[in-house]
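>>> here is my input; please provide its structure:
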Amino acid sequence: MQLSTVIGALALLLAAALVAGHALGEDALPPASAPTIQKKLDEREAQRRAAAADQQKKKDEFARRCTKAVKSAAELEECKQVYRSM
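Alright, predicted model coming up:
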């Protein structure tokens, strides 16, 4: 046999093995447990929105408790506590 015929036959065998392995192999999907960049961004955005909602809730609480002009000493203390929590 000639050298070129042997090399050609080996190339065809290797190509067939590669095609068969690719056809029978599982899809190369990333593991489900590893978070992707998009999931990380979504989680970070959800945390930011929760923090913004919490801050707005505290502002509303402060406005509700502390918008009156006349306050007793107890009401003034409550306003200070609410303001400090913001």
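
>>> got the contact list for stretch 51-68?
Residues from elsewhere that reach stretch 51-68, judged by CB atoms under 8 Å, 6 or more residues apart in numbering: Glu75, Glu78, Cys79, Val82, Tyr83, Ser85, Met86. The way it works is simple: take the backbone N, C-alpha and C, and place the C-beta from them, glycine included.

>>> buried ones among the residues you listed?
Among these, the ones that count as buried by 16 or more other CB atoms under 10 Å are Glu78, Cys79, Val82.

>>> out of these, which sit inside helices?
Mapping these onto helices (DSSP state H) picks out Glu78, Cys79, Val82.

>>> turn those into TSV, including pLDDT and distance to Ala11.
Converted to TSV, those look like this (pLDDT from 0 to 100; distance: CB to CB, whole Å):
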residue	pLDDT	distance to Ala11
Glu78	82	84
Cys79	81	83
Val82	80	78
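
>>> which one of those sits closest to Ala23?
Among these, Val82 lies closest to Ala23 (CB to CB), at 66.5 Å.

>>> roughly how far does the closest residue to that closest one other than its chain neighbours sit from Ala73?
Distances taken as CB to CB, 6 or more residues apart in numbering place Phe62 nearest to Val82, at 4.8 Å, with adjacent residues excluded. Using CB to CB, to the nearest Å, one obtains 18 Å as the distance from Phe62 to Ala73.

>>> thanks a lot, see you next time.
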